[in-house]
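# coords below, sequence missing:
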């Protein structure tokens, strides 16, 4: 079988990417490719799946980071509004939410009285509410 053109390969990758987003299994994607008459081997389908998964994972990391940054900014704005309205209880609640978002609720600080130094450690996730 002749190698497909770059444009055809990109179109196939885009279609397989969409199928993965719709939770198609490898077997279902192979059946789809056969139905479309692509004439490609299962190993080639697997290569497309690997490439599509890389695209999905890269996008999800960027999306997660953007969502985190947006959420943090929203919390900061809520905190400012609460302080401006002198609603210190609400400000404290927002600050608590920010601490949880940044996992600061897992931070433990112990002071060595003799040296006057602090040691910072993190609690394991399971121990956070202990």
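Cool, the structure landed. None of these values were measured; they are calculated from a predicted model.

# Output the below-cut-off pLDDT ranges for this structure.
Per-residue confidence for the chain (pLDDT under 70) gives these ranges: 1-2, 124-130.

# can you map out the helices along it?
Defined through DSSP state H, the helices belonging to the chain, from first to last, are 6-21, 26-36, 42-84, 88-101.

# mind putting these in CSV, distance to residue 120 and mean neighbour count included?
Every C-beta, even on glycine, is put in place using the N, C-alpha and C of the backbone. CSV is the format used below for these (distance: least, C-beta to C-beta, whole Å; neighbours: other C-beta atoms under 10 Å):
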stretch, distance to residue 120, mean neighbour count
helix 6-21, 41, 14
helix 26-36, 45, 14
helix 42-84, 21, 13
helix 88-101, 14, 14
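
# Mind putting those helices into CSV with distance to residue 121?
As requested, the helices of the chain are exported to CSV (distance: least, C-beta to C-beta, whole Å):
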stretch, distance to residue 121
helix 6-21, 40
helix 26-36, 43
helix 42-84, 24
helix 88-101, 16
